[in-house]
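Visitor: what follows is a predicted structure for the sequence shown.
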Amino acid sequence: KQEVTQIPAALSVPEGENLVLNCSFTDSAIYNLQWFRQDPGKGLTSLLLIQSSQREQTSGRLNASLDKSSGRSTLYIAASQPGDSATYLCAVRRGGGSQGNLIFGKGTKLSVKP
Amino acid sequence: NAGVTQTPKFQVLKTGQSMTLQCAQDMNHNSMYWYRQDPGMGLRLIYYSASEGTTDKGEVPNGYNVSRLNKREFSLRLESAAPSQTSVYFCASSGTVSTETQYFGPGTRLLVL
């Protein structure tokens, strides 16, 4: 059974710091991996999607990497800002077609202090 | 373009009552999903619909039913609510089940007393 783990559960950093959020998964046979952001009381916003054949994806100050063989992904946030404060969720897709359901980690709650 | 909309935003039920959560998307997506989010458990898939006319069980389907009314709308019904169904419910949609990003609605907070 695929399990997704995110460590740490919470992280507090000063504004301007570069940081890395970690995601690990137990079954390396994934179809793709997504990183989401969730603000308190809100839905999820997709940040980056990495297909299984890709090593990384970038969007602005965000860079996500994928190492399938080791079962790990990282989300790098450069020059963090207070507006980056949110919970970040990692999710893997097990396969294509009807096997394409997302399996979520429990998230890392990030606080960026001014 | 509103994306994914959900109604109601908040609901209180008594044990044994029934209700239907509504979801609609205006992105012409084929696939739609219902998740629940509980503290310490993360997001778990209840049901999904890969395309209009099809529905399949997810990880936690017991106590729920779904209807894919048309391509835009996917509803979730609780026939006899239980306190264990107190949760935040999210609807999502994507172009396909396999390859594309899922877009989430704002959620429905349900409290069952």
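Guide: That came through, no problem.

Visitor: mind listing the strands for chain A?
Guide: A:4-7, A:10-14, A:19-25, A:32-38, A:44-51, A:56-59, A:62-67, A:72-77, A:86-93, A:102-104, A:108-113 (DSSP state E).

Visitor: which among the ones you listed is found nearest to residue B:34?
Guide: Across the strands of chain A, residue B:34 has its closest neighbour in strand A:102-104 (12.3 Å, CB to CB). Just so you know, the C-beta spots here come from the backbone N, C-alpha and C atoms, and that holds for glycine as well.

Visitor: residue contacts, the spatially most central residue of chain B?
Guide: The centroid of chain B falls nearest to residue B:34 when counting by CA atoms, centre = their mean (2.8 Å). By CB atoms under 8 Å, 6 or more residues apart in numbering or on different chains, the contact list for residue B:34 reads B:21, B:23, B:45-48, B:58, B:64, B:66, B:74, B:76, B:89-91.

Visitor: one more: residue B:22?
Guide: Taking CB under 8 Å, 6+ apart as the contact definition, residue B:22 lies against B:6, B:7, B:73, B:75.

Visitor: name the nearest residue to the third one, sequence neighbours excluded.
Guide: In other words, residue B:73. residue B:24 (4.9 Å; CB to CB, 6 or more residues apart in numbering or on different chains).

Visitor: so that neighbour belongs to a strand, correct?
Guide: Yes: assessed by DSSP: H, G, I helix; E, B strand; the rest coil, residue B:24 belongs to a strand.

Visitor: burial measure for it, as a count.
Guide: 20 (other CB atoms under 10 Å in any protein chain shown).

Visitor: what do you get for residue A:16?
Guide: 11.
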